[in-house]
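Student: No sequence on hand, only this structure:
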DNA sequence: GTCTATAATGGGATAGAC
DNA sequence: GTCTATCCCATTATAGAC
């Protein structure tokens, strides 16, 4: 907007290149050199625009979180006003907010989920800290909804099963491209990201609702 | 055995230090310098004994796989001779083989699962290739057992849900220490790895057996 | 804001003495 | 088998010209 030149903003070019590479290879295995050459910008521009690699990672994540989290939160709050809810509805709250991430780019939904997984696994926790501190209330509403939909579960069971679902989703999405390729060649099943999300929800809902033993 | 000196074999010291660090931080984020100083051996000894870091990674993984895989395979084969089986039984096949990994060290079971997750997520696939090529038949029997226990699922559904379970387990175990700490402080729940495995199995069995939609 | 050049660090691997 | 010393490469980050 405020830019005069016709070429895309350097900052955006960096973000767009970085998120794809981070999602594919993880944060630590993606060098600034790789990012800047993919983005076709100068190496030094990352530090100029973002300050450090760590801050670039936060910027990449927050571009998605800032869209996804408020909408997921709104859907969860809305659901919580219902008198009775089930687990399938709880997970459905995340579908539309996830799919809206195409406003950032076409593959936004899968990139976001991959980044989320990387953030959990790669790092020493600074990203986890960042997410919990900025979007902790969404997690809180998610937990409330689960408890309302599955009142038989203890607090500890809810805690564990939320992490089980996180693992399922994040791991699946981290290799979703490869898996969808296999599904296409082996089973002649052409599935997009939304299809995959809708495929995983019955698994999650059933798993979370299982009888503890 | 063939060693004269009273001190532990350098090769074993390296393996024991490396697997813990690999499990905690991933393969690429663990330097040989860190490993050798933790193992209290010389930096050059890794290359002397293993040839390269990549070969050290394979050696670390295979020490566990060589014990785990044949036993899991035997349990699955045995189960497949039964006339009727359920999903819970299928997953139970892995519990005893996993717990026997304490023969390597006390925390063997969780280290193994963490390493497995790292192998799937960290790397460009050389480890995945190694596992599939060396232990592919175990995966085959696993698939057969799932199909027998849940005949309503299509081939594609089985494929997807196996990856869902892999994600659940691997992701949970990759952060199992942190999660168990939280469970202890927040819910006063003191749980060991076997307890966690037994906690995840109902989730997996229920998820895999859910009605596709 | 963009670039080149370079500093400072840490990585894997190896040569060669012992 | 073990150790020191070192090579060579890649990394993040920055200084300073334009």
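Tutor: Now that the structure is in, tell me what you want to look at. It should be emphasised that the depicted structure is a prediction, and the values quoted were computed from it without experimental measurement.
Student: And the pLDDT for residue A:4?
Tutor: Residue A:4 carries a pLDDT value of 43.
Student: Likewise for residue A:9?
Tutor: Reported pLDDT for residue A:9: 92.
Student: go on, residue A:123?
Tutor: Residue A:123 carries a pLDDT score of 65 in this model.
Student: And residue A:179, by the same measure?
Tutor: Each residue has a pLDDT score; the one for residue A:179 is 86.
Student: Check the spacing between it and DNA strand C real quick.
Tutor: Note on residue A:179: its distance to DNA strand C, by CB to the nearest atom of the strand, to the nearest Å, is 30 Å. For the C-beta atoms, the positions are set from N, CA and C on the backbone; glycine is no exception.
Student: isn't that residue right up against residue B:161?
Tutor: No. With contact defined as CB atoms under 8 Å, residue A:179 does not reach residue B:161; the gap is 11.6 Å.
Student: Comparing the two, which shows the higher neighbour count?
Tutor: In terms of neighbours (other CB atoms under 10 Å in any protein chain shown), residue B:161 is the more surrounded of residue A:179 and residue B:161; the figures are 25 against 17.
Student: what's the helix or strand for that one?
Tutor: helix B:155-174 (DSSP states H and E).
Student: now check the lengthiest helix in chain A, is it near chain B?
Tutor: Taking DSSP state H as the criterion, chain A has its longest helix at helix A:53-80. No. No part of helix A:53-80 sits near chain B under the criterion CB under 8 Å from any CB of the partner chain; the closest distance found is 14.1 Å.
Student: likewise stretch A:180-199?
Tutor: Yes. Using CB under 8 Å from any CB, we find that stretch A:180-199 touches chain B at A:182-183, A:186-187, A:189, A:196, A:198-199.
Student: Dihedrals phi and psi, residue A:84?
Tutor: In terms of degrees, to the nearest 10, the main-chain angles of residue A:84 are phi -140, psi 140.
Student: What's the local residue count around it?
Tutor: Under the neighbour criterion other CB under 10 Å, residue A:84 is assigned a count of 7.
Student: and if you look at residue A:166?
Tutor: Residue A:166 has 19 neighbours, counted by other CB under 10 Å.
Student: Kindly report the same for the one 4 residues further on.
Tutor: Residue A:170 has 21 neighbouring residues, counting by other CB under 10 Å.
Student: same question, the one 5 residues further on
Tutor: Counted with other CB under 10 Å, residues neighbouring residue A:175 total 19.
Student: likewise residue A:93?
Tutor: Other residues within reach of residue A:93, judged by other CB under 10 Å, total 23.
Student: Pretty sure it sits against residue A:146.
Tutor: No. Residue A:93 is beyond contact range of residue A:146, at 10.9 Å (criterion: CB under 8 Å).
Student: Can you name the residues that contact the residue nearest in space to the middle of chain A?
Tutor: In chain A, the C-alpha closest to the average C-alpha coordinate belongs to residue A:113, at a distance of 3.0 Å (CA atoms, centre = their mean). Applying CB atoms under 8 Å, 6 or more residues apart in numbering or on different chains, we find residue A:113 in contact with A:98, A:169-170, A:173-174, A:176.
Student: How about the residues of chain A by DNA strand C?
Tutor: When proximity is defined by CB under 7 Å from any atom of the strand, chain A lies next to DNA strand C at A:10, A:41-45, A:48-49.
Student: 6 Å instead, please
Tutor: Contact residues (CB under 6 Å from any atom of the strand) of chain A with DNA strand C: A:10, A:41-45, A:48.
Student: Drop anything exposed from the residues you listed.
Tutor: A:10, A:41, A:45 (16 or more other CB atoms under 10 Å in any protein chain shown).
Student: Report the residue spans of chain A with pLDDT below the cut-off.
Tutor: Scanning chain A with the threshold set as pLDDT under 70 gives A:1-7, A:123-125.
Student: just to revisit the earlier point, DNA strand C: which of the residues of stretch A:180-199 next to chain B is nearest?
Tutor: When the residues of stretch A:180-199 next to chain B are compared for distance to DNA strand C (CB to the nearest atom of the strand), residue A:182 comes out closest, at 30.4 Å.
Student: unless I'm mixing things up, the closest one is touching residue B:159, no?
Tutor: Yes. Under the contact definition of CB under 8 Å, residue A:182 touches residue B:159, with a separation of 7.2 Å.
Student: More neighbours: those two, which one.
Tutor: For residue A:182 versus residue B:159, neighbours defined as other CB under 10 Å are more numerous around residue B:159 (19 against 16).
Student: show me what contacts the residue in chain A that DNA strand C sits nearest to?
Tutor: Residue nearest to DNA strand C within chain A (CB to the nearest atom of the strand): residue A:42, separated by 3.2 Å. With contacts defined as CB under 8 Å, 6+ apart, residue A:42 is in contact with residue A:36.
Student: repeat for residue A:159
Tutor: Residue A:159 makes contact with B:182-183, B:186-187, according to CB under 8 Å, 6+ apart.
Student: Would you check how far apart it and residue A:31 are?
Tutor: 36 Å (CB to CB, to the nearest Å).
Student: And stretch A:94-103, what's buried?
Tutor: Neighbour-count burial for stretch A:94-103 [16+ other CB under 10 Å]: A:94-95, A:97-98, A:101.
Student: Tell me which residues are up against it.
Tutor: Applying CB under 8 Å, 6+ apart, the set of residues contacting stretch A:94-103 is A:64, A:67-69, A:71-72, A:75, A:108-109, A:111-113, A:194, A:197-198, A:201.
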